[in-house]
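**Student:** After the sequence you'll find the predicted model.
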Amino acid sequence: MDGDDLFYRNIPKVELHAHLNGSVSFQTIEKLISRKPELNIEHSMTAIGKGQRRTLDECFEVFKVIHKLVDTEEAILLVATDVIREFAADGVKYLELRSTPREEKSTGLTKRTYLETVIRAIQQCKTQGVDIDVRFLVAIDRRNGTEVAMETVKLAEEFMLSSDGLVVGIDLSGDPTVGHGKELLPALERAKNCGLKSSLHLSEVRSQLEESDLLLNLPPDRIGHGTFLHPEMGGSQSLVDKVVKNNIPLELCLTSNVKGQTVPSYSEHHFQYWYQLGHPCVLCTDDKGVFCTDLSQEYQLAASTFGLSREDVWKLSQRAIDCIFAEEAVKQRLRKRWNELHGQVFQ
Ligand SMILES: CNc1ncnc2c1ncn2[C@@H]1O[C@H](COP(=O)(O)O)[C@@H](O)[C@H]1O
Ligand SMILES: [Zn+2]
């Protein structure tokens, strides 16, 4: 690792947009494959390597393959603890993981035991002294429609009350070309009313203007991607105004968008547009396993593409603290930590 790599590894970082099953590393996939050799799954089916690109549709096929490998409580526990440890090793001090509760009739996995297992993994890492604060967002898969969305919010609500503050909100994700946000509004409104924070994938593909307009009225607490919100990308000034007026932070995932081909190249990424506006932008990985990246690499990529100085990069990571869903005391603790680490990183 050269000095530059080390700098990005050493800066304390906040990761706010990480899908559990998209974050599974090469090493963990090896372990999972060896437990289920009969599936004949190869690495090329679970990750998109350097220089490779896929359509978004093909990315969603990759998740289906990973889901076949992660269909028991044991596998979820393994995946979640490995992912948390890997983020910690990459210098992430605060992580919000998100995942879609799944049931698997063949193994007896239920949506409830799914969530309990992820919570257990978070607690175990804490007990073992892994240097990272972790919270969880329960994900709604937009493909599954109104009723499942409502059921998911009810589960999230229950876990928010019983998980000792670990479950802090919901996510809306899944194939953006399927379904419409209006079908999910009742569930999203319920989430809001019961105190769950929300991060919604918005305008990840071009066709979602009307949906984004509707969902921005909630308003969400954070936006995932927001690739096609601004006028230069076929969005509109009124969408931008709503985002700016409500000061809704954007979770931006460079490698994911370029490899998934919703953005043609790094230099054309909408990070530039929002960053120049001075709007809160948080760099994130999305699916570090599938897209073969980590958060240090995303910071390095943003810096080299958009000419950010080391001090700019530091500020970017520090400002992400303002956007976390955990309570104020956690923010204070993180700010203190950042101040303590500044001298070490810039020595
Ligand atoms: C690439 N852009 C993306 N856009 C939308 N949704 C995405 C996504 N990447 C991941 N997911 C969502 O996360 C699930 C996998 O993790 P979990 O099984 O929930 O842990 C995917 O099935 C999809 O619903
Ligand atoms: Zn995402």
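**Tutor:** Cool, got the structure. Ligands and ions are numbered 1, 2, ... in the order given.
**Student:** Stretch 48-56 spans what distance, first to last residue?
**Tutor:** 12 Å (C-alpha to C-alpha, to the nearest Å).
**Student:** How far away from the center of its chain is it?
**Tutor:** 18 Å (C-alpha atoms, centre = their mean, to the nearest Å).
**Student:** cool, stretch 311-330 as well?
**Tutor:** For stretch 311-330, the distance to the chain centre is 15 Å (C-alpha atoms, centre = their mean).
**Student:** Neighbours of the residue of the chain found nearest ligand 2, how many?
**Tutor:** Residue of the chain nearest ligand 2, by C-beta to the ion: residue 286 (4.5 Å). C-beta coordinates here come from the backbone N, C-alpha and C atoms, glycine included. When neighbours are defined as other C-beta atoms under 10 Å, residue 286 has 27 of them.
**Student:** same thing with residue 97?
**Tutor:** For residue 97, using other C-beta under 10 Å, the count is 25.
**Student:** looking at this, it is in a helix?
**Tutor:** No: if the criterion is DSSP: H, G, I helix; E, B strand; the rest coil, then residue 97 is strand and not within a helix.
**Student:** Model confidence for residue 235, exactly?
**Tutor:** At residue 235, the pLDDT value in this model is 93.
**Student:** ok, and the closest non-adjacent residue to it?
**Tutor:** residue 229 (4.3 Å; C-beta to C-beta, 6 or more residues apart in numbering).
**Student:** That neighbour and ligand 1: what is the separation?
**Tutor:** Separation of residue 229 from ligand 1 (C-beta to the nearest ligand atom, to the nearest Å) stands at 15 Å.
**Student:** Residue 188 too?
**Tutor:** Residue 188 is 16 Å from ligand 1, by C-beta to the nearest ligand atom.
**Student:** mind checking the SS state of that residue?
**Tutor:** helix.
**Student:** So it is in contact with residue 219, correct?
**Tutor:** No: if you go by C-beta atoms under 8 Å, residue 188 and residue 219 don't touch, sitting 10.5 Å apart.
**Student:** so after the helix or strand of the chain with the lowest mean pLDDT, what's the next helix or strand?
**Tutor:** Ranked by mean pLDDT, DSSP states H and E, the weakest helix or strand in the chain is helix 3-10, scoring a mean of 91. As assigned by DSSP states H and E, the chain's next helix or strand after helix 3-10 is strand 13-19.
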